[in-house]
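Engineer: here's a sequence, model it:
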Amino acid sequence: MEYEFIIRLPFPTVEEAIEKLAIEGYYNAFYDQPIEVSRNENGYDYEVTEDQDVDLHVIIPTENASDTTKKLARLLDHDTGQIKNEPYELQEWQQPIPRIEVDEEWEIVTPQHDPTPGKKQILLESMGGFGTGAHVTTRDCLRVLLHNDLTSQSVMDIGTGSGILSIAAAKKNAEKMIAIDIQPSEREVYANAELNGVERIEVQQKDLINEKPESYGKLDWVFINIGTEETIQILEQQFFFKNEVEHFLISGVVEWSHGKLLDYFERYGYEAVEKHINDEWMTIHFMRK
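Structural biologist: Numbering: from 1, shown residues only. The predicted structure follows:
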């Protein structure tokens, strides 16, 4: 039987403890870094705090948890009373995507779900890419897209992840979709596109902040669900304003930094025609004046 042993240790000593465990043949050990979250202009910042204690989790098959506790205490020079244990059950790491309601008309479902009568569906199988609809920024982007007519229009989806926004654009009759991500996402995007009967998506892996600009032809819409600073860096590097894009759909923006984005788009001749606020997250539809 497997047990999970939980040992409270000062964070600076954890890696040394893991090395000692490995020497004794205990390899299944893990812990969560002590993270301090703070706000910044782009959203949140994270810093490891060195002066905290953490729980080291060690999974060990044993018939006698008490004897193993004593052995761990000797090995790590620790008090047995400070080592907890409990039976360990392996958890499935990838949970199925729940049915997600976008609005009264649309929902996101997996192929295993039965469609809700009277609703339209976006089918999705998550393979790890961002954009399952679980986060409010994705849902708010969909609420904008799915209530616009994109017939015969061209769109670019930056930070495409699962490809869900490109798929939504196709369902609203967009003619051309270019889906770009800094991570390899081609397999996931094409798999989800096939689930939805979509064939017109072109997937590219690019770092638009650092790579040289390319000519993508006329673009009617550009979607960016990343963050304020990254959005501005991409727009500056790729010269999208010279392309005379009609619509920008920008999300992943925190409420306390959206003023900078409004000023930036105003400077280039765009106005915010639609805003969604969910918790601290904002989604803004900009349109060329």
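
Engineer: so where is this structure shaky, pLDDT-wise?
Structural biologist: 41-43, 91-96, 128-129 (pLDDT under 70).

Engineer: make it 80
Structural biologist: 37-46, 90-97, 126-131, 243 (pLDDT under 80).

Engineer: where along the stretch 1-150 of the chain do the strands fall?
Structural biologist: 2-10, 29-30, 35-40, 43-48, 53-61, 83-87, 100-101, 106-109, 120-123 (DSSP state E, counting those that start in this stretch).

Engineer: gap between the third one and the chain center?
Structural biologist: Which is strand 35-40. Taking CA atoms, centre = their mean, to the nearest Å, the mean C-alpha location of strand 35-40 is offset from the chain mean by 18 Å.

Engineer: who touches it?
Structural biologist: Y44, D45, Y46, E47, V48, T49, V254, W256 (CB atoms under 8 Å, 6 or more residues apart in numbering). Just so you know, the C-beta spots here come from the backbone N, C-alpha and C atoms, and that holds for glycine as well.

Engineer: so the fifth one sits right up against V14, yeah?
Structural biologist: This points to V48. No. Here V48 lies out of contact with V14, judged by CB atoms under 8 Å, at a distance of 11.6 Å.

Engineer: these two: which is more packed in?
Structural biologist: Using other CB atoms under 10 Å as the criterion, V48 and V14 rank with V14 on top: 20 against 10.

Engineer: L56 is in contact with that one, correct?
Structural biologist: Yes. Between V14 and L56 there is a contact at 5.7 Å, judged by CB under 8 Å.

Engineer: touching both of the two, which residues are there?
Structural biologist: With CB under 8 Å, 6+ apart as the test, V14 and L56 both reach Y31.

Engineer: tell me which helix or strand the residue nearest to L145 when sequence neighbours are not counted sits in.
Structural biologist: Nearest-residue entry for L145: A168, 4.7 Å, with adjacent residues in sequence omitted and distances by CB to CB, 6 or more residues apart in numbering. Under the criterion of DSSP states H and E, A168 resides in helix 164-171.

Engineer: helix or strand right after that helix?
Structural biologist: Per DSSP H and E, the helix or strand that comes after helix 164-171 is strand 176-181.

Engineer: from N64, how far off is H147?
Structural biologist: Distance from H147 to N64, counting by CB to CB, to the nearest Å: 63 Å.

Engineer: same thing with N196?
Structural biologist: 54 Å.

Engineer: likewise for L262?
Structural biologist: In terms of CB to CB, L262 sits 64 Å off from N64.

Engineer: could you report the neighbour count for S66?
Structural biologist: 10.

Engineer: repeat for F223
Structural biologist: F223, neighbours per other CB under 10 Å, totals 26.

Engineer: quick check: buried residues in stretch 244-263?
Structural biologist: 245, 247-254, 257-258, 261-262 (16 or more other CB atoms under 10 Å).

Engineer: same list (these) but as JSON lines, adding secondary structure and distance to S152.
Structural biologist: Output for those, formatted as JSON lines (DSSP: H, G, I helix; E, B strand; the rest coil; distance: CB to CB, whole Å):
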{"residue": "V245", "secondary structure": "coil", "distance to S152": "16"}
{"residue": "H247", "secondary structure": "strand", "distance to S152": "14"}
{"residue": "F248", "secondary structure": "strand", "distance to S152": "19"}
{"residue": "L249", "secondary structure": "strand", "distance to S152": "18"}
{"residue": "I250", "secondary structure": "strand", "distance to S152": "23"}
{"residue": "S251", "secondary structure": "strand", "distance to S152": "24"}
{"residue": "G252", "secondary structure": "strand", "distance to S152": "28"}
{"residue": "V253", "secondary structure": "strand", "distance to S152": "29"}
{"residue": "V254", "secondary structure": "strand", "distance to S152": "35"}
{"residue": "S257", "secondary structure": "helix", "distance to S152": "35"}
{"residue": "H258", "secondary structure": "helix", "distance to S152": "31"}
{"residue": "L261", "secondary structure": "helix", "distance to S152": "29"}
{"residue": "L262", "secondary structure": "helix", "distance to S152": "30"}
